[in-house]
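Engineer: Build the 3D model from these lines:
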Amino acid sequence: MSRHDPEQLYPGFPGSEPSEHIRTIPACAALGMRQRATIGDPVSTSLDAALPAVCDSDGRVSRGAALVLADQATAGGVFTTLPRPTPMMTLDLRVDWFGPLPAASLSCTIDEVTREGDLALSRGRLIAEGKPVGAAVARYLIGSMPGGTPGRMDDRHDVLPPSPAASFADYLGASASLDGLTMEPRAEHVGAPLPAYHGGVIAGLLEQAGVAAIDPAFRPLDFEVRFLAPALATLPLIARVVPRRTGRRAITLDIDAHQGKPDRPVAIARMLAITDAVGEVQAYDLPRA
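Structural biologist: From the prediction side, this is the model:
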């Protein structure tokens, strides 16, 4: 499909076919992402659970991989509102989980994008086997690359292969250290062409650090991250956890990431985890003005 076919892409969507752009982004290609962005149809980005690099040790889609998906998918929603392909940077990302992720293909479908000048808020649903498993919301600054500098769409055209990693944890390659959890840079962690770490990869590291710091009886309920500065993918990324409240049913953690200067974090996050058993998910459609 191209822009000249009857089913055209949104004009702000980069590439000549929906998945072309993300398959040139190392972090997205590594996790086997695909997109749909035809005018008049839902805008959706997906992961394939058959790829080991997106899965956890139980064979389910990793929440960390789902964070990378949510970051890229919500950006895709913003592209649909633009008259031409324009770079943007993620300011913050939040994902609320409705239960454990399945051992099945996971997609993020965008429901709504709200624009205020160069600021955009994108909302979507994480869906597996036809059922909602999470909700995502992210805010973007249009026209800027990481660091706030004016940018343009990069000229990457090479379609990259998926990661050969045995799991998402193996894809991150993070290890415990005295400072917290340290991730050494890899080419497949790159998002922006500075090179900088993909925002979803940063979120995935912070989420992994948070989960490692809590009792396995707790399950993450929501995760929110704010990006403060570009994280150069030429330097290690260190995640640190600070427990804020530890209760019988709920734990709240703060997590930050830095690159050798603890007093200058590049991202901060908060995670809520609970011990309540997973229940049946029910979605309700309410009237909208």
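
Engineer: Give me the mean pLDDT for the helix or strand residue 211 falls within.
Structural biologist: Secondary structure from DSSP states H and E places residue 211 in helix 199-212. The predicted model gives helix 199-212 an average pLDDT of 97.

Engineer: contacting residues for the residue positioned nearest the centre of the chain?
Structural biologist: In the chain, the C-alpha nearest the mean C-alpha coordinate belongs to residue 68, at 2.5 Å (CA atoms, centre = their mean). The neighbours of residue 68, taking CB atoms under 8 Å, 6 or more residues apart in numbering as the test, are 27, 28, 31, 198, 200, 201, 203, 204. To be clear about C-beta, it is placed using only N, CA and C from the backbone, and glycine gets the same treatment.

Engineer: Residue 82: which of those residues is nearest?
Structural biologist: residue 28 (18.8 Å; CB to CB).

Engineer: Would you mind measuring the gap between the ends of stretch 46-63?
Structural biologist: End-to-end distance of stretch 46-63: 14 Å, with CA to CA, to the nearest Å as the criterion.

Engineer: List the contacts of residue 120.
Structural biologist: 78, 81, 88, 113, 114, 139, 140, 142.

Engineer: rewinding a little: what's downstream of the helix holding residue 211, the next helix or strand?
Structural biologist: For helix 199-212, the following helix or strand on the C-terminal side (DSSP H and E) is strand 219-227.

Engineer: Give the pairing partners of whatever helix or strand comes next after that following strand; include direction for each.
Structural biologist: Using DSSP H and E, the helix or strand that follows strand 219-227 towards the C-terminus is strand 237-246. Here strand 237-246 has these sheet partners by DSSP bridges: strand 180-183 (antiparallel), strand 250-258 (antiparallel).

Engineer: got the angle for strand 237-246 vs helix 199-212?
Structural biologist: With axes from the mean of the first three to the mean of the last three CA atoms, to 10 degrees as the basis, strand 237-246 and helix 199-212 are set at 50 degrees to each other.

Engineer: what comes into contact with strand 237-246?
Structural biologist: By CB under 8 Å, 6+ apart, the surrounding residues in contact with strand 237-246 are 174, 177, 179-183, 185, 197, 202, 205-206, 208-210, 212-213, 231, 251-260, 262, 266, 270.

Engineer: Please pick the buried ones from those residues.
Structural biologist: In these, burial by neighbour count holds for 174, 180-183, 185, 197, 202, 205-206, 208-210, 213, 231, 251, 253, 255-259, 266, 270, counting by 16 or more other CB atoms under 10 Å.

Engineer: Any regions of the stretch 51-200 of the chain where pLDDT drops low?
Structural biologist: In the predicted model of the stretch 51-200 of the chain, residues 147-151 satisfy pLDDT under 70.
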